[in-house]
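Peer 1: the sequence and its predicted three-dimensional model are supplied below.
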Amino acid sequence: MWTLSLAAPSSARPPCRHWGCTALSCSHLAAGAANGLISAAAVSGTVIGLLVAGVLHDRWGGLGKPLLLLSLGPVLMAVLVLVAYPETSRRELEQLNPEDPSLTDGAAAIPGAPPTR
């Protein structure tokens, strides 16, 4: 996902923005770290895209062909999402992230909160 975000500059950022903790297991990464990694990859992709567009503009003598080439990144990202991203509609959150403690076993939903009954 992050590698493709480097190839697809800022246009790949909105569809990927909500993936943060969903795409990465929150039991291993804090939500802030996951979102930070995605933001850093998106900003890096934007910078690299601008640099590539500038270099190709100088080589090809215009912006039309470089922007056409760079527009393939968001198209590839859309294909990747359609083909490889798992469908999660009509599924319970417990099915998607089974390692989280459930409220039925007496675990507190919020750290420090009293257990539920």
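Peer 2: Okay, I see it. Residues are numbered from 1 along each chain as shown.

Peer 1: what helix or strand is residue 41 on?
Peer 2: Using DSSP states H and E, residue 41 falls within helix 31-60.

Peer 1: buried sites along that helix?
Peer 2: Neighbour-count burial for helix 31-60, with 16 or more other C-beta atoms under 10 Å as criterion, is recorded at 34, 35, 38, 41, 42, 45, 46, 49, 53, 56. Backbone N, C-alpha and C define where each C-beta goes, glycine included.

Peer 1: so where's the protein shaky on pLDDT?
Peer 2: By pLDDT under 70, the weakly predicted segments of the chain are 1-32, 100-117.

Peer 1: mind listing the strands for it?
Peer 2: Shown for the chain, no strands are assigned by DSSP state E.

Peer 1: the helices in it, which residues?
Peer 2: 2-7, 13-17, 20-23, 31-60, 64-70, 72-84, 93-96 (DSSP state H).

Peer 1: picking that back up, which of the buried residues of helix 31-60 sits closest to residue 67?
Peer 2: Nearest to residue 67 among the buried residues of helix 31-60: residue 53, at 6.6 Å, using C-beta to C-beta.
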